[in-house]
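Enquirer: Here's my sequence, what's the structure:
(chains A and B)
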Amino acid sequence: MINSNEIIDDIANKEYEFGFTTDIEMDIAPPGLNEDIIRFISAKKNEPEWLLEWRLKGFAAFKKMEFPKWQHFEMPALDLQAVSYYAAPRKKKQLNSLDEVDPELLATFEKLGIPLNEQKALTGVAVDAVFDSVSVATTFKGKLKEMGVIFCSFGEAVQEHPELVKKYLGSVVPHTDNIFAALNSAVFSDGSFVYIPKGVRCPMELSTYFRINAQNTGQFERTLIIADDNSYVSYLEGCTAPMRDENQLHAAVVELVALEHAEIKYSTVQNWYPGDKDGKGGIYNFVTKRGICKGAASKISWTQVETGSAITWKYPSVILQGDHSEGEFYSVAVVRNKQIADTGTKIHHIGKGTKSRIISKGISAGHGDNSYRGLVSVGPRADNARNFTQCDSLLIGNQCGSHTFPYIESRNKSAMIEHEATTSKIGEDQIFYLNQRGIDSEKAVALIVNGYVKEVLNQLPMEFAVEAQKLLSITLEGSVG
Amino acid sequence: MLTIKNLHAEVEGKKILKGINLEINKGEMHAIMGPNGSGKSSLASVLAGRDNYTVTEGEVWFNGKNLLDLSPEDRAREGVFLAFQYPVEIPGVSNLNFLKTALNEIRAYKGLPALEAREFLKLTKEKQQLVDFHSNLMNRSLNEGFSGGEKKRNEIFQLAMLDPQLAILDETDSGLDIDALRIVSSGVNKLRDAEKSFVVITHYQRLLEYIIPDFVHVLYNGRIIKTGTKELALELEERGYDWLKEELHLKESV
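Expert: Residues are numbered from 1 along each chain as shown, chains lettered A, B, ... in the order given. Predicted coordinates:
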């Protein structure tokens, strides 16, 4: 007997056959956004019917939505029909040696202390098969498997663990959430999937391996992390080296689910191409990141260091549903030249005794414009909810901008919400003082800035913090004097 | 070691230094006194290279190098140290980290390797005692929340750590109570040796009871109008500056 699912499968496949019979071997879909393309992507990835349906629902939602207008910057014109939504696996232009790479980029690598093999990988130079990290990665994988940790690409998870994906996909960021999330739901290419089983403390930072392995995850990434009861995981996203990418728009979605007593730490160091000094080129980084503390006494902590992209527009958020759950947001956002950052967080206190802490440090140099936008909401059931917010801005020079838009909504009398904010400027006096002790102006600014962001960098795993520190210094190079 | 010839400088178009001449040799302690607004602190700023001062005339030679050609950080690396009248606060940067950075920058300039952590800490312990500088201040942010006295002691502690050839103390005694003054002065005295020279800028003779100068210069209206020995400081204490001003006017009217 043929069950109904198979019939639907058949029909879906047929439709797809009509559209792309001869194109199935193709690596790049023609530009444009329509249902056929979505079916094509789904078929290419051999996805089950329910996922295709979900993508199509996302597309339907997307079509009804408009670009938001509340942001504190001019929204660039985006032609979403001009984009090709499938190119697998995206190959960068292969270079034969580092001699062919932009020397400025190499100089940055040098300063960051990025190993040679990694430099090659990042710039698209063909790398030998004997790549240290590959063997390391395999060892890691073995160890994780032993503990029952699932850490794989999103596509792999759809094939191997469809029940988990089906249960949690879109449960934190629904396909109707916002226009970019809807677009991502419709056309997401790949991403990563993590599941930590009950009672397991993930023994390593998930990314030491990932950093090299998944550079080409693409424009519309989708990440889903589930920490089951009493588990712990620390996840690192991104790369400290400046990644060049020809894609303008990056609309990723990250969903975190923390069950009872579970803890998820999610760290990002973002250094996408920021465009040149006149603001030409550069990535639009429009990302939806949200976590839910579903279980009692669970905890989600976001740490982000944002130094790249022409426009960074994102608000990693936490829904504190479980009683006594905890949410944290630590952020450093740096803008220079013509860069724009509109970032912050949303914390929703729903459960009793929930706690949140927001530390945001904005740094603006050149003609950069930095906005903190945050919402702390306390629902009627959230007795004794507590929030502490500290929002600091540091200005370098007198052409830059810094803005703060904090929103507080409390519907519970027992809630305690604190908000502190400061704005300061790196003073000539401070720089001269350090000069007089033998420290040049570049290093002086780096020292002052690193002191300023210390509270946030302290949240990052050690080696990541060191790289982030160097990255900040490099980003601010030439911004004084 | 330091030769200042006919130094003129202005700030925002206003003439502040109007022809300073001064010769400082190795191991000497010079005191510069003078009424408010005479240009004492400006002289310190010009020597250290603060960029709102413009040198309009004259030369400054330091160990055979044209000091005015050097950036502020290179002057520091060559061995010119300024103990600030108002040390700045830098939040989040620990005193220790700051000093390590400074010391290693200076060492790198001289072609020396960075000091290893253990050696650095040893040096820190040793120099801390000189100015009775509490170790709990070491891990605090640079000068943040320090009392006036603690800030000044920190300046002398840095002086001890960085071991310059020429130390300029800009009103280090201002805002110090008598105990702090004693501690700071005894720190300075312990640092005196045949290689190091000092320029002590002060309003009051009080400091010079503790730090005995080889020479005392009186700065007035952008020029050194009198040079003497420590007795001159006592005389100034007794008679003020007016008699010197009068003497000057008499000379000029002749």
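Enquirer: low-scoring stretches of the chain, by residue?
Expert: In the absence of a named chain, this looks at chain A. A:1-28, A:87-139, A:208-218, A:238-247, A:479-481 (pLDDT under 70).
Enquirer: I was after chain B.
Expert: B:252-254.
Enquirer: residues from the stretch 251-400 of chain A in reach of chain B?
Expert: Within the stretch 251-400 of chain A, not a single residue sits near chain B (Cβ under 8 Å from any Cβ of the partner chain). Placement of C-beta: from N, CA and C, glycine included.
Enquirer: Show me the domain layout of chain A.
Expert: As assigned by the TED database, chain A contains the domains A:26-94+A:131-426, A:95-130.
Enquirer: Which among those domains is found nearest to B:N6?
Expert: domain A:26-94+A:131-426 (35.9 Å; Cβ to Cβ).
Enquirer: Centre-most residue in chain B?
Expert: B:I168 (1.6 Å; Cα atoms, centre = their mean).
Enquirer: Helix or strand: which one has that one?
Expert: strand B:166-170 (DSSP states H and E).
Enquirer: re the thing from before, deepest-packed of the domains of chain A, please.
Expert: domain A:26-94+A:131-426 (a mean of 20; mean count of other Cβ atoms under 10 Å in any protein chain shown).
Enquirer: can you tell me which residues contact the residue nearest to the centre of chain B?
Expert: B:A44, B:L47, B:A48, B:V80, B:F81, B:L82, B:A83, B:F198, B:V199, B:I201 (Cβ atoms under 8 Å, 6 or more residues apart in numbering or on different chains).
Enquirer: Skip the chain neighbours and tell me the closest residue to the closest residue to chain A within the stretch 51-200 of chain B.
Expert: Proximity of the stretch 51-200 of chain B to chain A (Cβ to the nearest Cβ) peaks at B:G92, 2.9 Å away. Distances taken as Cβ to Cβ, 6 or more residues apart in numbering or on different chains place A:G451 nearest to B:G92, at 2.9 Å, with adjacent residues excluded.
Enquirer: all helices in the stretch 151-300 of chain A, in order from the N-terminus.
Expert: For the stretch 151-300 of chain A, the helices defined by DSSP state H, counting those that start in this stretch occupy A:154-160, A:162-168, A:179-187, A:210-213.
Enquirer: helix/strand/coil for the closest residue to chain B within the stretch 201-350 of chain A?
Expert: Nearest residue of the stretch 201-350 of chain A to chain B (Cβ to the nearest Cβ) works out as A:V332 at 12.1 Å. Secondary structure state of A:V332, per DSSP: H, G, I helix; E, B strand; the rest coil, is strand.
Enquirer: pretty sure it contacts A:S364?
Expert: No. The pair A:V332 / A:S364 is not scored as a contact, 12.0 Å apart, by Cβ atoms under 8 Å.
Enquirer: Get me the contact residues on chain B for chain A.
Expert: Within reach of chain A by Cβ under 8 Å from any Cβ, chain B has these residues: B:48-51, B:71-73, B:75-77, B:81-82, B:84, B:87-88, B:90-94, B:97-98, B:101-103, B:105-106, B:109, B:141, B:158, B:162.
Enquirer: In strands only, show me these.
Expert: Here DSSP state E is the test, and the residues of chain B next to chain A give B:F81, B:L82, B:I90, B:P91, B:G92, B:V93, B:S94, B:S141 as lying in strands.
Enquirer: which residues does the residue of the stretch 51-200 of chain B closest to chain A contact?
Expert: A:I448, A:N450, A:G451, A:Y452, A:V453, A:K454, A:E455, B:S141.
Enquirer: hmm, 10 Å instead?
Expert: Residues near B:G92 by Cβ atoms under 10 Å, 6 or more residues apart in numbering or on different chains: A:361, A:447-455, B:141-142, B:144.
Enquirer: any idea how far A:R336 is from the closest residue to chain B within the stretch 351-481 of chain A?
Expert: Nearest residue of the stretch 351-481 of chain A to chain B: A:G451, at 2.9 Å (Cβ to the nearest Cβ). According to Cβ to Cβ, to the nearest Å, A:G451 and A:R336 sit 19 Å apart.
Enquirer: cool, and B:R75?
Expert: 29 Å.
Enquirer: What of A:I300?
Expert: Counting by Cβ to Cβ, the gap from A:I300 to A:R336 is 30 Å.
Enquirer: Name the helix or strand for the spatially closest residue to A:G478 that is not a sequence neighbour, please.
Expert: Leaving aside its chain neighbours, A:G478 sits nearest to A:E442 (7.7 Å; criterion: Cβ to Cβ, 6+ apart). A:E442 belongs to helix A:441-452 when assigned by DSSP H and E.
Enquirer: for chain B, what spans make up the helices?
Expert: In chain B, the helices defined using DSSP state H lie at B:40-48, B:72-78, B:95-109, B:117-130, B:148-162, B:178-191, B:206-210, B:230-239, B:242-253.
Enquirer: about what we covered before: out of the ones in strands among the residues of chain B next to chain A, which is most surrounded?
Expert: In terms of neighbours by other Cβ atoms under 10 Å in any protein chain shown, these top out with B:L82 at 28 neighbours.
Enquirer: Go ahead and confirm it touches B:A167.
Expert: Yes. Counting by Cβ atoms under 10 Å, B:A167 is a contact partner of B:L82 at 8.0 Å.
Enquirer: intersection of neighbour lists for the two?
Expert: B:E155, B:L159, B:V199.
Enquirer: which ones are touching the last one?
Expert: Taking Cβ under 10 Å, 6+ apart as the criterion, B:V199 is in contact with B:2, B:22, B:24, B:28-32, B:40, B:43-44, B:47, B:80, B:82, B:166-170, B:213, B:215, B:217.
Enquirer: I'd like to know how far A:K299 sits from B:G222.
Expert: 65 Å.
Enquirer: go on, B:L115?
Expert: Taken as Cβ to Cβ, the span from B:L115 to B:G222 is 41 Å.
Enquirer: higher neighbour count, these two?
Expert: In terms of neighbours (other Cβ under 10 Å), B:G222 is the more surrounded of B:L115 and B:G222; the figures are 22 against 15.
Enquirer: check contacts around the more buried one.
Expert: B:7-10, B:15-20, B:34, B:37-39, B:42-43.
Enquirer: Next step: those restricted to strands.
Expert: The strands, defined by DSSP E, take in B:L7, B:H8, B:A9, B:E10, B:K15, B:I16, B:L17, B:K18, B:G19, B:I20 from those.
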